[in-house]
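In: Sequence plus predicted model, see below.
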Protein chains: 2
Amino acid sequence: MNEIGMDSRTLRELLEAGHPDRAEQMLAEIHPADLGVVLADLTQEETRAVIDLLFAQRRAASMLAELPSELLPQVFEALTDQRISELLTRLEIDDMLLLMDHVPDERREKIQQWLPQDKRHELRHAELYPPESAGRVMTTNLLALDQKTTAQQAINSIRSAGDSKEAVLYLYVVDGEKCLLGVVPIRRLVAAPPETPMAQLMTPASISVAAEADQEEAARLVARYDLLAIPVTDSKNRILGIITVDDVIDVLTEEATEDIYHLAGLSEEDRVFTSARVSIRKRLPWMMLNLATAFTAAAVVGFFEATLEQMVSLAIFLPVVAGVGGNGGIQTLTVITRAIALGEIEFSTGLRAVGKEMIVGLTIGLTAGAIAGLIAYLWQGNPWLGGVLLVAMVITMTIAGLLGAGVPLLLKSLDQDPALGSGVLVTFFTDAFGFFSFLGIASLMIHYLT
Amino acid sequence: MNEIGMDSRTLRELLEAGHPDRAEQMLAEIHPADLGVVLADLTQEETRAVIDLLFAQRRAASMLAELPSELLPQVFEALTDQRISELLTRLEIDDMLLLMDHVPDERREKIQQWLPQDKRHELRHAELYPPESAGRVMTTNLLALDQKTTAQQAINSIRSAGDSKEAVLYLYVVDGEKCLLGVVPIRRLVAAPPETPMAQLMTPASISVAAEADQEEAARLVARYDLLAIPVTDSKNRILGIITVDDVIDVLTEEATEDIYHLAGLSEEDRVFTSARVSIRKRLPWMMLNLATAFTAAAVVGFFEATLEQMVSLAIFLPVVAGVGGNGGIQTLTVITRAIALGEIEFSTGLRAVGKEMIVGLTIGLTAGAIAGLIAYLWQGNPWLGGVLLVAMVITMTIAGLLGAGVPLLLKSLDQDPALGSGVLVTFFTDAFGFFSFLGIASLMIHYLT
């Protein structure tokens, strides 16, 4: 790992000591992706000064596009509407969209008015695509050429495009209607004799994604076929834009976070350095749901209060039934939701997965139940108690396998997020079934137990 | 999404009907990444026939490199040692290493003997790098040029390398000692006047990764700086290889799976279609650990058996304390481990995170505790019981915040995986503390409660 070699304290000192030139030089050397660490610690006044310096270097826009979104409110506050729209103008449409999403509602209208007409039009157009769709993350910055174009002509057009086509990795070959015909990797272009036409160099375009498709689908195709970019097309196969692999990495990272978060019942905006106030607000509704399920499980226990009166020591084993069942359910749930996320499972193969998980649950239930039953017997001196615990654990673990696999598959078949809320649901059901089977069997056998 | 347009049934029919030419054509049209779906359903005999056809097309090696690792045992079984080593010879070193890892131990020696000497040597050398290091996933297939090389000469060398340098995205500029000086993106090469020397085109190389570094570090740098490949260097800054972005995506996906799995106490080999036998074997040790912690929590309840004798209805509220506390702990744990995985948190800022999570836990504990207390009061008609539940939940949730944040940070500072086992640990402590505080306070207040 390379030293960033720059921190906010040094920068602040340079700014305060009236050395904007040296501060400017420091900033010139920093990579856009490393600016976040530096900006996070600056005051509003200092942030503005830094952005002004970056602006003079024509680097403010690219820096802004790389900032972690938690920092954007602070940066936007330090800038005028006009300055923000100047920055947005310099960005590609996907970055522009992303930043606009973080502009406070009351400023959005004014900032849009400062944009040049073509940019404003482009932005309005892009905002028509559904959230998290391929159309939202694509850039329209691509080179589309006719199939008669020669390799040399293509190279010339790359040359004349200059730095604005920094991201060119593939050339796209289109017909008169802008319909996508094929793809030429830039490496192949370089290696080709200058007079070769595109038609001869291209690989027929077979992989593309619709603008309305989920960004996750685009990301999966790029990952699966080891692409550097994927073309985004409309219903008539006209090329609208491309999604590059760096954005795909962001999408995949975001989706992994979403999966991990949803299993725990967390909202994506609830990050490590989100204010406590926001985190509390985001977590409270889930906690209320959790409270409701916990009280339902408690009601199951309450239902057997008479049995507990007769044999208080049964209460001791409730954490064992619930703990083991909950753990088994979450394990199964994790395996299945991850497989769904990676596209390894469909509903058809899902039944096989449910069957497997029930067998796994049953076997682990038998093993863990036998050990738990033995401990209970030795501890309380009652073999029947051990037997009840064993049977309850086998039932609970089998149900944990069924629900841990079935709940996410069911949610998926209903076009819902398979991870969202399934953790709470599965834990609740394993708890409730666990208590019910343990205390239920115990009440039936109560004269053997006491 | 594009139709794959091929399935194992059609292929099987073509093979059985004695149409190897048509089967061959079908195979020629399939993308390497899509072969897995087809192979999964074939018998050993059929697998061998398919591999033979692919081999004739010189595509067997690339197909093999793309197969999901669960299928490799089946494929290897269908092939002779010699055939496997022929396939390996055609692969780049990173893919060769990956496949060798899946060769059964008893065949490894023999397969290596069939390899040409240079390949055998290369393999032995690469195996010296630690598992999951950058050196293991790099390819040595790169173009390194002297800084005096002109753009035209560079283009010529790409041309003469032909298809073997399919992956060329950057040219690396090195000095006489092979030390890395700079990087020239192929796009810039194309746009440059033919006589421009590399020295003038290159960006000084500032981002690289040591061969011994964790593959995750390389992946993070690529993701952070939006690279298409990262150079891997030795301690003297000599370029050894490169890691390309498609491998980075694999590493990031694998690491995300690992994180999600470790939170649930799962082993990476325990996938959705792993045999039930393997899944059981992998999960049982964790279940035993879980059983041990569950019995410890049970012992805490057992410690207060006398209190429970006096007031059985206390047992009803144990699931509430444990459920809410466990949920709070897992939420905090998820936020913190994800932040660690994404490199958003260091131990220095960790204390701030612990503080925040304790405040969040305390506040949610107060809110949820007030509601739970009220319900308990209305249900059991005893205001003191509500109060005990409130206090116990505040204590439990605050501890959940402390441990949910503290345990992964502590594991990280000890150079351990912050996710591994922390779920079991945090749930255990919140359960135990929850039971202890609830039943402990209840025993102190027992004459108000009964």
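Out: That came in fine, so what should we check first? Residues are numbered from 1 along each chain as shown, chains lettered A, B, ... in the order given.

In: okay, now the closest residue in space to A:Q57 that isn't next to it in sequence: neighbour count?
Out: Sequence neighbours aside, A:A28 is the residue nearest to A:Q57 in space, at 5.9 Å (criterion: CB to CB, 6 or more residues apart in numbering or on different chains). Where you see a C-beta, it was placed from the backbone N, CA and C, and this is true even at glycine. By other CB atoms under 10 Å in any protein chain shown, the residues close to A:A28 number 11.

In: ok, A:A28 touching A:L54?
Out: No. Using CB atoms under 8 Å, A:A28 is not in contact with A:L54, being 9.0 Å away.

In: how does chain A divide into domains?
Out: By the assignment in automatic domain parsing, chain A contains the domains A:8-131, A:144-260, A:276-449.

In: what packs against the helix or strand A:A299 falls within?
Out: For A:A299, the host element (DSSP states H and E) is helix A:276-303. For helix A:276-303, the elements it packs on are helix A:422-444, helix B:318-341, helix B:347-380, judged by 3 or more CB pairs under 8 Å, 6 or more residues apart in numbering or on different chains; DSSP states H and E.

In: most neighbours per residue, which of those helices?
Out: Comparing the helices and strands packed on helix A:276-303 by mean neighbour count (mean count of other CB atoms under 10 Å in any protein chain shown), helix B:318-341 comes out on top with a mean of 28.

In: For chain B, what is the nearest residue in the stretch 1-150 of chain A?
Out: The nearest approach of the stretch 1-150 of chain A to chain B comes at A:A33, 4.9 Å away (CB to the nearest CB).

In: For that residue, which three-state class applies?
Out: At A:A33 the chain is in helix, as set by DSSP: H, G, I helix; E, B strand; the rest coil.

In: contacting residues around it?
Out: A:A33 is in contact with A:E66, B:R224, B:Y225, B:D226, counting by CB atoms under 8 Å, 6 or more residues apart in numbering or on different chains.

In: redo that, cut-off 10 Å
Out: Counting by CB atoms under 10 Å, 6 or more residues apart in numbering or on different chains, A:A33 touches A:I4, A:S62, A:M63, A:E66, A:L67, A:P68, B:L221, B:A223, B:R224, B:Y225, B:D226.

In: swap in A:M100?
Out: Residues in contact with A:M100 (CB under 10 Å, 6+ apart) are A:I84, A:L88, A:L91, A:R108, A:I111, A:Q112, A:L115, A:L123, A:A126, A:E127.

In: 7 Å - rerun?
Out: A:R108, A:L123 (CB atoms under 7 Å, 6 or more residues apart in numbering or on different chains).

In: Check the spacing between it and A:A126 real quick.
Out: 9 Å (CB to CB, to the nearest Å).

In: Same check on A:G241?
Out: 9 Å.

In: Pick the most deeply packed of the domains of chain A.
Out: Of the domains of chain A, the one with the most neighbours on average (mean count of other CB under 10 Å) is domain A:276-449, at a mean of 22.

In: Okay, now the unreliable bits of chain A?
Out: A:1-7, A:162-167, A:347-348 (pLDDT under 70).

In: which stretches of it form strands?
Out: For chain A, the strands defined by DSSP state E cover A:144-146, A:170-174, A:180-185, A:203-204, A:209-210, A:229-233, A:239-244.
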